[in-house]
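Colleague: Sequence first, then the predicted structure, then my questions.
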Amino acid sequence: MKFFVDTAETDQIAELNELGMVDGVTTNPSLILKSGRDILEVTKEIAGMVDGPVSAEVVALKADEMIAEGRKLAQIADNIAVKVPLTWDGLKACKVLSGEGNMVNVTLCFSANQALLAAKAGATFISPFIGRLDDINLDGMDLIADIRQIYDNYGFETQILAASIRTVNHAFQSAQIGADVMTAPPAVIKAMANHILTDKGLEAFMADWEKTGQKIL
């Protein structure tokens, strides 16, 4: 499973990248706002930090303008994935941009039908939002499973990028179902290392080690 980091904070990306935990990065207008940086400047910096895809999102709502913005974003670096919303205009933009050889991430997916359309339009990635479905009392993992089945049925090459991941359980279940990629905030990726029994076991080992009176260094 590929790990994408969902942030525009370059220091957090660098920390995880050193551990080999970064296969790509996803950004969106909200994350750009949070970073306080210029979108073109910070996207270029991130693209230079990691080898994998870096998603940069268009902000236009009409297909022609999305395509123009997507072309500009794609010029930032070879590893840019242009991010477009799952609207009819977004699908039109996806078809054109992917046809020109660009990676395209179709975002804000909330149904299997939407994911099917994105695959037909040539999307490189489809981003179903788990957490936001959970917010309205639907099981976001059911959507991941439905898309996985449909894509496998027909051999679509579009990669399932599980997004809006808020918990370590979201991460685990996405991997269990077979999502190709998950994108999560740095805090969630770090939290995957935590377990109360690990902490208790380490505490016991340290207490016993202290009783030996020994040192390794």
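Modeller: Sure thing, it's come through.
Colleague: tell me, what residue is most central in this structure?
Modeller: In the chain, the C-alpha nearest the mean C-alpha coordinate belongs to Thr183, at 2.6 Å (CA atoms, centre = their mean).
Colleague: Longest helix in this protein, please.
Modeller: helix 196-212 (DSSP state H).
Colleague: For that one, buried residues please.
Modeller: Buried residues in helix 196-212, counting neighbours by 16 or more other CB atoms under 10 Å, are absent. Just so you know, the C-beta spots here come from the backbone N, C-alpha and C atoms, and that holds for glycine as well.
Colleague: what mean pLDDT does it have?
Modeller: For helix 196-212, the mean per-residue pLDDT is 97.
Colleague: Repeat that for stretch 163-181.
Modeller: In this model, stretch 163-181 carries a mean pLDDT of 97.
Colleague: Send me it as CSV with only the CA atoms.
Modeller: As requested, the backbone C-alpha atoms of stretch 163-181 are provided in CSV (Å, rounded to 0.1, in the frame of the first residue of the first chain):
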residue,chain,number,x,y,z
ALA,A,163,-8.9,9.9,1.6
SER,A,164,-10.4,11.8,4.5
ILE,A,165,-8.7,9.3,6.8
ARG,A,166,-9.0,10.4,10.4
THR,A,167,-8.2,7.3,12.4
VAL,A,168,-5.8,4.4,12.5
ASN,A,169,-8.8,2.1,12.0
HIS,A,170,-9.5,3.9,8.7
ALA,A,171,-5.9,3.2,7.6
PHE,A,172,-6.1,-0.5,8.6
GLN,A,173,-9.4,-1.1,7.0
SER,A,174,-8.4,0.6,3.8
ALA,A,175,-5.4,-1.7,3.6
GLN,A,176,-7.5,-4.7,4.5
ILE,A,177,-10.0,-4.0,1.7
GLY,A,178,-7.2,-3.4,-0.8
ALA,A,179,-7.1,0.4,-1.4
ASP,A,180,-4.0,1.1,-3.6
VAL,A,181,-3.2,4.3,-1.7
